[in-house]
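Trainee: Requesting a structural model of the entry that follows:
(2 chains)
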There are 2 protein chains.
Amino acid sequence: MNEGMLLILSAPSGCGKTTLLKRVMADLPGLVFSVSHTTRPPRPGEVNGRDYHFVERREFEAMRDRRPSGFLEWAEVHGNLYGTSREEVERLRAQGLDVVLDIDVQGAAQIRATWDPVTVFIAPPSLAELERRLRGRGTEAEETIALRLANGRREMETAGDYDYLVVNDVLDVAVDALRSIIVAERCRRRRMPSGEVVELEL
Amino acid sequence: MNEGMLLILSAPSGCGKTTLLKRVMADLPGLVFSVSHTTRPPRPGEVNGRDYHFVERREFEAMRDRRPSGFLEWAEVHGNLYGTSREEVERLRAQGLDVVLDIDVQGAAQIRATWDPVTVFIAPPSLAELERRLRGRGTEAEETIALRLANGRREMETAGDYDYLVVNDVLDVAVDALRSIIVAERCRRRRMPSGEVVELEL
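Mentor: Residues are numbered from 1 along each chain as shown, chains lettered A, B, ... in the order given. The predicted model follows:
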């Protein structure tokens, strides 16, 4: 069995990445979400082990500082720690599953340095639209919105480092684009690194 | 407007490439077929200017020998000449259309040397299945079938040189794969060569 691919998705907060991912994963078999570890408190409705592994800062730091590190990548964002468990990712890919990582641009850069991921940046149609969506949530304080917007602007400057850019304007179009990227990359992966085609698949 | 991409599709005879292409093009706007020139006689049902530009050998050779050549690539296959008009491809791409070339492995290699095409190889599930399909047509002489099979085997050895491999086993699955490759490559092309994202699209 071929090892699954590592798919990195990054997007500024408010781009609808979570909705997009859920739609694509409901449609495509063989795709799994790697659940990140985080020290941030759960939001209403979030479930431990499904949305994140919610852990204490002490536990996160112990895992991070193990050698080799328990995390493929980790980052501090908005004052909270986030990390991707190496063990979980390796276990899933060995089963032939394509693993989706929902991580920020710092994490993507760390993984790109040593692994060979497929990277997708989800962008809003414009910064004005991003602001409208963030305010539309109605759950964030004004200074949180300002911080997310500033971060979003900075993150969008890194979009050119990603393999693919999906603009989330019309949701159905964005879902089709993300799904297509994964289907296409599976066709790419059928090729052997040597340039020869896998015998069994012909 | 961005220039359209150049998409090369190659497949051994009998792989269902034409059916695949028609299905995908009916579904995806912005995709056009570059009609090849050929010296082979039309088959029943084929229309000049739609399936091929059917030309005399003398006319083909004059176009080929112009400087610069009137063809992006040309080849002799099964004793007939086939070529892709440079003028037609350039005109279509300048309109922002993605141009599909249905050419053989020799032609693909010629174009890959000087252009930057997206290349897709369509393969049958197996050589046995290819043989079954070729015989199923019921229109070919035994020695034609033997020639096509030998060529098919040789062509499949070059599949590793292509960016993508689509195995045409279940038609709907292959249609989805080819369509996805095109949608995904459009997301890839949104990136500027400099690594920066096109301003207008954000």
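Trainee: Number of residues surrounding A:Asp172?
Mentor: A:Asp172: 8 surrounding residues under other CB atoms under 10 Å in any protein chain shown. Where C-beta positions appear, they are placed from N, C-alpha and C, glycine not excepted.
Trainee: From chain B, how far off is it?
Mentor: 12 Å (CB to the nearest CB, to the nearest Å).
Trainee: now A:Gly83
Mentor: Distance, A:Gly83 to chain B, by CB to the nearest CB: 27 Å.
Trainee: quick one: secondary structure of that residue?
Mentor: At A:Gly83, secondary structure determined by DSSP: H, G, I helix; E, B strand; the rest coil is strand.
Trainee: Kindly report the same for A:Thr19.
Mentor: Following three-state DSSP, A:Thr19 is assigned to helix.
Trainee: Quickly note the distance from the residue lying closest to it once chain neighbours are set aside to A:Ser13.
Mentor: Leaving aside its sequence neighbours, A:Thr19 sits nearest to A:Leu171 (CB to CB, 6 or more residues apart in numbering or on different chains; 7.0 Å). As judged by CB to CB, to the nearest Å, A:Leu171 and A:Ser13 stand 17 Å apart.
Trainee: where do the strands sit along chain A?
Mentor: A:6-10, A:31-33, A:37-38, A:53-54, A:71-77, A:80-85, A:98-102, A:118-123, A:164-167 (DSSP state E).
Trainee: so who does the residue nearest to A:Thr19 touch?
Mentor: Contact analysis of A:Leu171 by CB atoms under 8 Å, 6 or more residues apart in numbering or on different chains lists A:Gly16, A:Thr19, A:Leu20, A:Arg23.
Trainee: Quick check, A:Glu46 in contact with A:Tyr52.
Mentor: Yes - the criterion here is CB atoms under 8 Å, and A:Glu46 meets it with A:Tyr52 at 6.8 Å.
Trainee: Neighbour count for the two, which is higher?
Mentor: A:Tyr52 (19 against 13).
Trainee: quick one, longest helix in chain A?
Mentor: Criterion DSSP state H: the longest helix present in chain A is helix A:171-189.
Trainee: so who does A:Val77 touch?
Mentor: A:Asp104, A:Gln106, A:Asn151.
Trainee: In helices, which of those residues fall?
Mentor: Those of the contacts of A:Val77 lying in helices (DSSP H): A:Gln106, A:Asn151.
Trainee: Dump the strands of chain A to JSON lines, plus distance to B:Thr144 and mean pLDDT.
Mentor: Compiled in JSON lines, the strands of chain A are given as follows (distance: least, CB to CB, whole Å; pLDDT from 0 to 100):
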{"stretch": "strand A:6-10", "distance to B:Thr144": "45", "mean pLDDT": "94"}
{"stretch": "strand A:31-33", "distance to B:Thr144": "43", "mean pLDDT": "91"}
{"stretch": "strand A:37-38", "distance to B:Thr144": "62", "mean pLDDT": "95"}
{"stretch": "strand A:53-54", "distance to B:Thr144": "62", "mean pLDDT": "96"}
{"stretch": "strand A:71-77", "distance to B:Thr144": "55", "mean pLDDT": "89"}
{"stretch": "strand A:80-85", "distance to B:Thr144": "56", "mean pLDDT": "93"}
{"stretch": "strand A:98-102", "distance to B:Thr144": "42", "mean pLDDT": "91"}
{"stretch": "strand A:118-123", "distance to B:Thr144": "42", "mean pLDDT": "94"}
{"stretch": "strand A:164-167", "distance to B:Thr144": "43", "mean pLDDT": "94"}
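Trainee: Noted, bye for now.
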